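Asks: next comes the sequence, and after it the predicted model I'd like to discuss.
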Amino acid sequence: MLDYPQLGSFQNLLASVQGEQVDAQYTDRIAMRAIVPQEHAATFESRMIEAFNAAVTPELVGTTNRPVKL
């Protein structure tokens, strides 16, 4: 869950690992679902913990196979 002031930082971090936001639920906080390439998953997780002082941590929901351009 993100607070609204954290949204921009999250989106920049997601873009830096070639991630894609796929869903968001906006209430008093933001619940975000995103897809991060597997080769960037560890980097994304460590950057998230560092950027948000461990107050926001990613949760693995599952994995998916997606076609990529060669």
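Replies: Received it, and whenever you're ready, just let me know what you need. What you see is a predicted model; the values in this text were computed from it and never measured.
Asks: please make it C-alpha for all contacts and neighbour counts, starting now.
Replies: Noted.
Asks: can you give me the strands for this protein?
Replies: 20-26, 30-35 (DSSP state E).
Asks: what's the shortest one in contact with?
Replies: Looking back up the chat, that one is strand 30-35. Met1, Leu2, Asp3, Tyr4, Gly19, Glu20, Gln21, Val22, Asp23, Ala24, Gln25 (C-alpha atoms under 8 Å, 6 or more residues apart in numbering).
Asks: nearest to Glu50, of the residues you listed?
Replies: Using C-alpha to C-alpha, Leu2 comes nearest to Glu50 of the contacts of strand 30-35, at 14.4 Å.
Asks: count the residues that sit near the closest one.
Replies: Using other C-alpha atoms under 10 Å, Leu2 is surrounded by 17 other residues.
Asks: who are the contact partners of it?
Replies: Contacts of Leu2 were listed using C-alpha under 8 Å, 6+ apart, and they are Arg29, Ile30, Ala31, Met32, Val56.
Asks: and of the residues you listed, the nearest to Thr64?
Replies: Among the contacts of Leu2, Met32 lies closest to Thr64 (C-alpha to C-alpha), at 16.8 Å.
Asks: circling back: which of the contacts of strand 30-35 tops the neighbour count?
Replies: Tallying neighbours with other C-alpha under 10 Å puts Gly19 at the head of the contacts of strand 30-35, with 19 neighbours.
Asks: look at Ala24 and report its pLDDT.
Replies: Per-residue pLDDT puts Ala24 at 93.
Asks: so it bridges to which residues?
Replies: Met32 (DSSP bridges).
Asks: Ala31 versus that one, what's the distance?
Replies: In this view, Ala24 and Ala31 are 6 Å apart by C-alpha to C-alpha, to the nearest Å.
Asks: in this structure, which spans are helices?
Replies: Counting by DSSP state H, the chain has helices at residues 7-16, 41-51.
Asks: list the contacts of the shortest one.
Replies: Applying C-alpha under 8 Å, 6+ apart, the set of residues contacting helix 7-16 from outside is Glu20, Gln21, Val36, Phe44, Arg47, Met48.
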